[in-house]
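Student: any chance you can model this:
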Amino acid sequence: MKAIGYKENLPIEDINSLQDIELNTPKATGRDLLVAIKAISVNPADYKVRAGMPVEGDDWKVIGWDATGIVKEVGEDVSLFKVGDEVWYAGDFTRQGSYAEYQIVDERIVGKKPSSLSFPEAAALPLTTLTAYEMLFDRLQVAKEDASKSILVIGAAGGVGSILVQLAKKLTKLNIIGTASREETTAWLKDLGADAVINHRHKLSEEFEKHNLPAPDYVVSLNGTEQHADEIVKLIKPQGKFGFIDDPKTFNVMPFKAKAVSTHIELMFTRSMFQTEDMIEQHNILNKVAELIDNGTIKTTLGENFGVINAENLRKAHAFLETGKAKGKIVLEGF
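Tutor: Modelled structure (predicted):
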């Protein structure tokens, strides 16, 4: 099968950083599905791993954690899917990824693809949807029915933010404050349902004062957590909840002590990485969100389609994502 892989961690400008390769097609056993991949999307996790995670031995490393496709083969213990089903998923950090014509994935982290979306439109969503949903409802356990509470989403116009704002708008009564720094991304967030948008290039506390906004009960930081830490401490409501998904080099929680703020980390890969007993929750979340999409509640966050799935286009996608200027998600489709 065709695949795109790497053997050494190289800058994306290097032609060998991602290469077109041929690999044997894997077989489905146990609870695994073999999926024929139709479309994928690219996430910050992709370039972080490509640049920083060494390959063991002489094998090719195939990355990629968002895909849509058709079930080609099922393992003997599969009960949730059959051959021919159209599926979407975000995959498993410990296995070969979606930059390939075929991929093996555990059925418990796979959902039925939204029928109203094309394969590329749907590919934009699984990883960010699971991250956003788990952050809101598993980690922060936000109040769904309390219209007096508010949430601040830092870096809200990216992939995770674009879906998190929609989920918060449609599934809760929270007042949603997003941050963005450009006119285009500010308009995008208002369109997705943010009640207010402030500029994260300025001090957040000053922006809150300027717009006369209430202290947020919940703060979610999707990027730049380290640089915003002092402002988050200043802003957040006493006994509030703070969650982040990025990778600060260090993060000191002690300044939160006076306000008794709880701190939460969300990593979408945890359930599959540790085979947790509630791993099937990802199957349930993806199916729930597919329904929300099909009934028009949630829309795709597809930003740009970079064309066919090959090394050249993936290098372009990584390079663009590394600039931090992406609005919505980058997808690729077909081989």
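Student: pull the contacting residues for the closest residue to Met135 other than its chain neighbours.
Tutor: Counting by Cβ to Cβ, 6 or more residues apart in numbering, Met135 lies nearest to Glu266, which is 4.2 Å off, once chain neighbours are set aside. The way it works is simple: take the backbone N, C-alpha and C, and place the C-beta from them, glycine included. Residues counted as contacts of Glu266 (Cβ atoms under 8 Å, 6 or more residues apart in numbering) are 131, 134-135, 138-139, 243-245.
Student: and the furthest pair within these?
Tutor: The distance between the two most remote of these (Cβ to Cβ) is 14.5 Å, for Asp138 and Phe244.
Student: who has more neighbours out of those two?
Tutor: Phe244 (26 against 15; other Cβ atoms under 10 Å).
Student: quick one, phi psi at the more buried one?
Tutor: phi -140, psi 160 (degrees, to the nearest 10).
Student: any idea how far it lies from Met135?
Tutor: 9 Å (Cβ to Cβ, to the nearest Å).
Student: any shared contact partners between these two?
Tutor: 220, 264, 266.
Student: residue closest to the middle of the protein?
Tutor: By Cα atoms, centre = their mean, the chain has its centre lying nearest to Thr128, at 2.2 Å.
Student: contact partners of the helix or strand where it lies?
Tutor: Thr128 belongs to helix 126-133 when assigned by DSSP states H and E. The contact list for helix 126-133 (Cβ under 8 Å, 6+ apart) reads 41, 43, 45, 65-67, 88-91, 111, 159-164, 167, 245, 266, 268, 282, 285-286, 289, 301, 329.
Student: ok, and what's touching whatever helix or strand comes next after that helix?
Tutor: Downstream of helix 126-133, the next assigned helix or strand under DSSP H and E is strand 150-154. Contacts of strand 150-154 with the rest of the structure, by Cβ under 8 Å, 6+ apart, involve 142, 161, 164-165, 168, 174-179, 194, 200, 204, 213-225, 228, 232, 235-236.
Student: in helices, which of these appear?
Tutor: Using DSSP state H, the members of those that fall within helices are 161, 164-165, 168, 204, 225, 228, 232, 235.
Student: okay, those residues in a markdown table with neighbour count next?
Tutor: Below are the ones in helices among the contacts of strand 150-154 laid out as a markdown table (neighbours: other Cβ atoms under 10 Å):
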| residue | neighbour count |
| --- | --- |
| Gly161 | 28 |
| Leu164 | 27 |
| Val165 | 29 |
| Ala168 | 28 |
| Leu204 | 23 |
| Thr225 | 20 |
| His228 | 22 |
| Ile232 | 22 |
| Leu235 | 20 |
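Student: between those, which sits nearest Lys82?
Tutor: Taking the ones in helices among the contacts of strand 150-154 together and measuring to Lys82 by Cβ to Cβ, the closest member is Leu164, at 32.4 Å.
Student: which ones are touching that closest one?
Tutor: Counted by Cβ under 8 Å, 6+ apart, Leu164 has contacts 128, 131-132, 135-136, 153, 156, 220, 222.
Student: now with 6 Å?
Tutor: Neighbouring residues of Leu164 by Cβ atoms under 6 Å, 6 or more residues apart in numbering: Ala132.
Student: packing partners for the helix-or-strand element of the chain with minimal mean pLDDT?
Tutor: Between all helices and strands in the chain, the lowest mean by mean pLDDT, DSSP states H and E belongs to strand 302-305, at a mean of 84. Packing contacts for strand 302-305, counted by 3 or more Cβ pairs under 6 Å, 6 or more residues apart in numbering; DSSP states H and E, involve strand 329-333.
Student: low-scoring stretches of this structure, by residue?
Tutor: 326-327 (pLDDT under 70).
Student: so which strand or helix has the residue of it most remote from its centre?
Tutor: The C-alpha centroid of the chain is most remote from Ala258, which lies 32.0 Å away (Cα atoms, centre = their mean). Per DSSP H and E, Ala258 falls between elements, in no helix or strand.
Student: repeat for Glu291
Tutor: Residue-wise, Glu291 maps onto helix 281-294 under DSSP H and E.
Student: contacts for that helix?
Tutor: 108-109, 111-112, 114-116, 129-130, 133, 271, 298.
Student: go on, stretch 196-213?
Tutor: With Cβ under 6 Å, 6+ apart, stretch 196-213 has contacts from 177-181, 186, 189, 231, 234-235.
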